[in-house]
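Chemist: Please work out how this folds:
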Amino acid sequence: MSAADPFGTAALRASTLQSWATSPTRLREDATTESDFVRAGYRDRLFTELAQNAADAAVKAGVVGQMRVWSTDHTLHVANTGAPLDVAGVQALSALRASAKRADAVGRFGVGFTAVLSVADEVEVRSTAGSVRFSLTQTRNTLHEHAIEFDARPPVLRLPWAVRADPLPGYDTEVVLQLRADVDLDVVLMQLRHEIADILLELPALQSIWIGDEQWRRDERPVGERTEVAIGADRWWQYDAGTVRWLAPIGRSGRVRPVRDDVLRAPTRSDEQLSIPAIIIGAVAMQPDRRRVLPGAHVAQLATGYADFVRSLPVEDRLAMVPAPGFARSEVDGILREAVLDNLRRHAWLPALDRQVPIPPGSASVLPGLTSELAELLTDVVPGLLPPELSTPAAESVLAVVDVHRVGLAHLTELLAGIERPPTWWRHLYAALEPLVVDNVSAEELGALPVPLADGRLVTGPRTVLLGSDITVEARVGWARLVHPDAAHDLLGRLGARSAAAADLLADAALQDMVEAIDRGDEIDSDPAELVDGVLALAGVATGDLPSWLGLLPLPDVDGELRPADELLLPDAPLAEVVVADSPFAAVDPDLVQRFGADALRRIGVGWGFAVLRVDLPTGPDHALDDEDAWWRGLPEDPETLVAVRDLDLVEDKAWPAALTMLAADSQLLPVLADRDGYTAWWLRRHAHIDGQPLGHLRSAADRTLAGLLDELTHPQADALTACLADPAHVDTDLAQLLIDRLSDSERTPTAGVITTAYRLLATAADSGRIDADAVVLPALVRTVSGALVEPDAAMVLDAPWLAPAVSPDRLVLGDIATAAALSRLVDLPLTSEAVRGEVMSSGRTSSWEAEPAAVLACACLGLPLPAGSIEVHDDLQVRLTGAVEGVRRLPAWVDADGRTHLTVRGLGSSV
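Modeler: As a prediction, this is how the structure comes out:
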């Protein structure tokens, strides 16, 4: 060695030339080996190999690695910082097989430098410690000088020459490649630019690379357990597990972008295709050309730390790093995929809502479709529940790869069974679950969902409960499965819960059984006090009519004694002013009024005004109504609904004017008062008295049908009480007796029209069977059509029109000709046709109705059909009367015993 040849290149050349001269086979082997490396093992690895050497030099020197690439004419220059060339290095460059680098260096085989021959035959390695040259031309000339014959391309890198040349100032080594004529410099530079990012990722000893005036720089920023690596505008998350580094590209959105197609990097790119979603840079035994893993290499060890790498990533990015199901791209890929998945399955990296630290997949649970609202509720319900960002449909399939347990809706209901939470928590849960119920299958899975009830119980299954549609208060409803109002939600209805209004719950048969059991003195399962509170709470919000049996519910009175609700009155109740002094009513406990309000108490029967009894499909008079039997007997058939005002029999007689005012002032009672056939109007007609008269004996001011016989009701609410007054169209035995008595009352002066109407109504009622004639007591005098009162022996009922002119009006009792016989029987008076007989004494001419102009004119004017048959027309019709009337009379018309009609000319019109 000398200053001119610091690396002893002359000795190296001499040794090599001697081996070639003595063994031509060795020369051919060297040539073939170099050619194979150039054309196969190290093809397209020029920049990679030079970068590896630069990285090793930087590590060896303990400096920041920098590279610079530039060109002059058709020459490529690659300079780097770090340890300069030394003797061992020159020996390695010219040996093809041996390497002078440490075992932990990137390039371990000393043959990677052959990659320079892919673009150049003339190569210089300039260094601050000395420079060498490799030359195809000089090698050929040297072989010729030494008489070594070789007809093929000789190996270029076996013979180094010392040269005097310095590297680029600021750099320790410079490789100068005089490109062959067939090499496109622009293509080479473009290829270098394409590889720079990968090189900087793979070789962290290199910090920056220049190509001309362009710089690529690797910058690192620690972020927790990971490091952010930036090269230009591109960024990666990096995790260093010691023998292996994992990197995940970061997209423009800041989210991790899985790697689709990549290769094993050991540390630079190999030909081992991978489907792992992260970049792997690790140490594994490789073949000399670094393209393939050596058979038997411990590939699975490369998975070490993968779960730690994934754990270091943001939660929303972790699943992107789980290998997707699919076929392996190579044998190495298959081994590595399984090792990675095994590492993920065995180590903690998944975030659980109920844990401060990550958990392994085997301890995790995923609820597909989990929202943040639902997650907040289920944190301490579902062990190991993963957050919403890991619960999407796409995430579910990924988590299945690492054996994360899937929590379906059915399993969720099992986990919810028996947990204690306030009702509002359950409502929030139902609201959060509703978006997950997308079809009948998901609805069926929630069939056993727990539901809190208003009485404090927690029951299973929405199909078994009732949703209060108008219930806005808390009510302990022990007789029905009513959902607690704070837990009510539409989802329960979708899952089968039936809607029930407060009125529906208060009409429930189970409640009726409990109330009636208490009334009988029987024990019930529920606390009676809670039952009362529940009923009153519902009554305060219920709409519509409530069942009358709620009046049996025991409530405390002012003295604390329990009484049926319908035996209690509210403070200052108007009803107390009209009932008898010894009525069964007592004042209700004021505390109940304060807690639930007067309206709720009134709804279940506590008195303010008059209470109403309402019974559907009653079967008999068994409702404790006064005189109910008598009313029921008068009905043509059982009513579909019994609606009756209660406690009318408790009204003080002198208080009826005020009581009627109360009844008529209550709008809810107006339909009951207007039902003439109903119990209430029926009872009032018979038992309510005004000025000593039953209402049924009075008439309204607007009804003058029987004026003079019936007195007018003088009351401010008379119009609302019409159905409770006498009805001329519905004369019964009682009213018939009254009319007969009033007709014989000399103090009364009814008009002839009223008298006739009264008799007609009596006759119609008697004829239809509404009057019990045997029960009617006849007076001593009879009112006739003239208004006169006569002895019964002098009176008769007109049943033949032609007898009217023959009998004095003072003797005639006139109703309706058609019902004269019924009237005769009712008032026990003879008919005129029976009491008076007649014989026609005059002669007339035979004619017919249609032949007499006067008869035709009369019928036309009256709108009557013209009678058929013959008539006898007299100038002066005279009839001899016998019986109750004696003598010969001139009459306008007569019908003889044979049925022939006799008329006078003047009497034709009136006779019609």
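Chemist: who does the strand ranked longest in the chain pair up with?
Modeler: The residue-count maximum for a strand in the chain (DSSP state E) belongs to strand 214-223. Here strand 214-223 is paired, per DSSP bridges, with strand 206-211 (antiparallel), strand 226-231 (antiparallel).
Chemist: Check which residues of that strand are buried.
Modeler: By neighbour count on 16 or more other C-beta atoms under 10 Å, the buried set for strand 214-223 is 216, 218. Backbone N, C-alpha and C define where each C-beta goes, glycine included.
Chemist: centre of the chain versus that strand, how much separation?
Modeler: 53 Å (C-alpha atoms, centre = their mean, to the nearest Å).
Chemist: do the same with stretch 279-299
Modeler: 59 Å.
Chemist: please begin residue numbering at 192 from this point
Modeler: Will do, 192 is the new start, and the previous item becomes stretch 470-490.
Chemist: how does the chain divide into domains?
Modeler: 200-393, 415-537, 701-800, 1032-1103 (automatic domain parsing).
Chemist: Dump the ones you listed into JSON lines; add mean neighbour count and distance to residue 573 as well.
Modeler: Putting these into JSON lines (neighbours: other C-beta atoms under 10 Å; distance: least, C-beta to C-beta, whole Å) gives the following:
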{"stretch": "domain 200-393", "mean neighbour count": "18", "distance to residue 573": "40"}
{"stretch": "domain 415-537", "mean neighbour count": "18", "distance to residue 573": "17"}
{"stretch": "domain 701-800", "mean neighbour count": "18", "distance to residue 573": "35"}
{"stretch": "domain 1032-1103", "mean neighbour count": "16", "distance to residue 573": "92"}
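Chemist: Rebuild those domains as CSV, extending it with mean pLDDT and distance to residue 644.
Modeler: CSV is the format used below for the domains of the chain (pLDDT from 0 to 100; distance: least, C-beta to C-beta, whole Å):
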stretch, mean pLDDT, distance to residue 644
domain 200-393, 89, 63
domain 415-537, 93, 39
domain 701-800, 91, 11
domain 1032-1103, 89, 75
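Chemist: Mind putting those into a markdown table with distance to residue 858?
Modeler: What follows is the domains of the chain, written out as a markdown table (distance: least, C-beta to C-beta, whole Å):
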| stretch | distance to residue 858 |
| --- | --- |
| domain 200-393 | 88 |
| domain 415-537 | 65 |
| domain 701-800 | 11 |
| domain 1032-1103 | 46 |
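Chemist: can you give me the helices for the stretch 542-691 of the chain?
Modeler: 563-569, 584-592, 600-607, 614-624, 631-636, 681-685 (DSSP state H, counting those that start in this stretch).
Chemist: Of these, flag the one that's most buried.
Modeler: helix 614-624 (a mean of 20; mean count of other C-beta atoms under 10 Å).
Chemist: Now tell me what touches that helix from outside.
Modeler: 562, 564-565, 568, 600, 607, 612, 637, 640-643, 675-680, 682-683 (C-beta atoms under 8 Å, 6 or more residues apart in numbering).
Chemist: Can you name the residues that contact residue 683?
Modeler: Contacts of residue 683 by C-beta under 8 Å, 6+ apart are 621, 642, 653, 656, 658, 674.
Chemist: Residue 720: which of the strands paired with strand 405-414 is closest?
Modeler: Nearest to residue 720 among the strands paired with strand 405-414 is strand 417-422 (65.4 Å), distances taken as C-beta to C-beta.
Chemist: Residue 954 reaches residue 1013, doesn't it?
Modeler: Yes. Between residue 954 and residue 1013 there is a contact under C-beta atoms under 8 Å: 4.8 Å.
Chemist: if you count what's nearby, which of these two comes out ahead?
Modeler: residue 954 (26 against 22; other C-beta atoms under 10 Å).
Chemist: need the contact list for the nearest residue to residue 1014 once chain neighbours are set aside.
Modeler: Leaving aside its sequence neighbours, residue 1014 sits nearest to residue 954 (C-beta to C-beta, 6 or more residues apart in numbering; 3.7 Å). Listed by C-beta under 8 Å, 6+ apart, the contact set of residue 954 reads 1006, 1007, 1010, 1011, 1013, 1014, 1017.
Chemist: how about residue 954, secondary structure?
Modeler: Judged by DSSP: H, G, I helix; E, B strand; the rest coil, the three-state class of residue 954 is helix.
Chemist: mind checking how far it is from residue 1006?
Modeler: Computed as C-beta to C-beta, to the nearest Å, the residue 954 to residue 1006 distance reads 5 Å.
Chemist: again, but for residue 891
Modeler: On the measure of C-beta to C-beta, residue 891 and residue 1006 end up 24 Å apart.
Chemist: So which of the two has more stuff around it?
Modeler: Between residue 891 and residue 1006, counted using other C-beta under 10 Å, residue 1006 has the larger neighbour count: 27 against 19.
Chemist: can you tell me the helix or strand for the more buried one?
Modeler: Assigned by DSSP states H and E, residue 1006 falls within no helix or strand.
Chemist: From residue 1015, how far off is it?
Modeler: Taking C-beta to C-beta, one finds residue 1006 at 9 Å from residue 1015.
Chemist: shared neighbours, these two?
Modeler: residue 988.
Chemist: what does the longest strand of the chain contact?
Modeler: Against strand 405-414 from outside (C-beta under 8 Å, 6+ apart): 384, 387-388, 391-392, 395, 397-401, 418-423, 428-429.
Chemist: go with 10 Å
Modeler: 256-260, 384, 387-388, 390-392, 394-401, 418-423, 426-429, 503, 505 (C-beta atoms under 10 Å, 6 or more residues apart in numbering).
Chemist: Enumerate every residue touching residue 1060.
Modeler: Neighbours of residue 1060 in contact, by C-beta under 10 Å, 6+ apart: 1039, 1040, 1041, 1090, 1091, 1092.
Chemist: hang on, the earlier thing: could you point out which of the contacts of residue 683 is nearest to residue 980?
Modeler: For the contacts of residue 683, with residue 980 as the reference and C-beta to C-beta as the criterion, the closest is residue 658, at 74.0 Å.
Chemist: Show me what that closest one is bridged to.
Modeler: Going by DSSP bridges, residue 658 forms beta bridges with residue 690.
Chemist: quick one, what contacts it?
Modeler: Contacts of residue 658 by C-beta under 10 Å, 6+ apart are 642, 673-674, 676, 678-681, 683-684, 688-692.
Chemist: could you pull out the helices for the stretch 892-1041 of the chain?
Modeler: Going by DSSP H, counting those that start in this stretch, the stretch 892-1041 of the chain shows helices at 924-934, 943-959, 1011-1018, 1023-1026.
Chemist: So for the first one, what gets flagged as buried?
Modeler: If I follow you right, that is helix 924-934. 924, 925, 926, 927, 928, 929, 930, 931, 933, 934.
Chemist: which residue packs closest to the fourth one, ignoring adjacent ones?
Modeler: To tie it back to what came earlier, the one meant is residue 927. Nearest non-adjacent residue to residue 927 (C-beta to C-beta, 6+ apart): residue 962, at 4.7 Å.
Chemist: Now do that neighbour, the pLDDT please.
Modeler: Per-residue confidence at residue 962 stands at 93 (pLDDT).
Chemist: And the contacts of residue 1060, which two are furthest apart?
Modeler: 1041 and 1090, at 18.6 Å, using C-beta to C-beta across the contacts of residue 1060.
Chemist: ok, so of the contacts of residue 954, who is nearest residue 707?
Modeler: Closest to residue 707, out of all of these and judged by C-beta to C-beta, is residue 1017, at 48.4 Å.
Chemist: Tell me how far residue 633 lies from residue 626.
Modeler: 10 Å.
Chemist: Now for these two: what residues contact both?
Modeler: residue 560.
Chemist: quick one on the thing from earlier: Throw the helices of the stretch 892-1041 of the chain into JSON lines and include mean pLDDT and distance to residue 377, thanks.
Modeler: Shown next, in JSON lines, are the helices of the stretch 892-1041 of the chain (pLDDT from 0 to 100; distance: least, C-beta to C-beta, whole Å):
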{"stretch": "helix 924-934", "mean pLDDT": "95", "distance to residue 377": "127"}
{"stretch": "helix 943-959", "mean pLDDT": "96", "distance to residue 377": "125"}
{"stretch": "helix 1011-1018", "mean pLDDT": "96", "distance to residue 377": "133"}
{"stretch": "helix 1023-1026", "mean pLDDT": "95", "distance to residue 377": "144"}
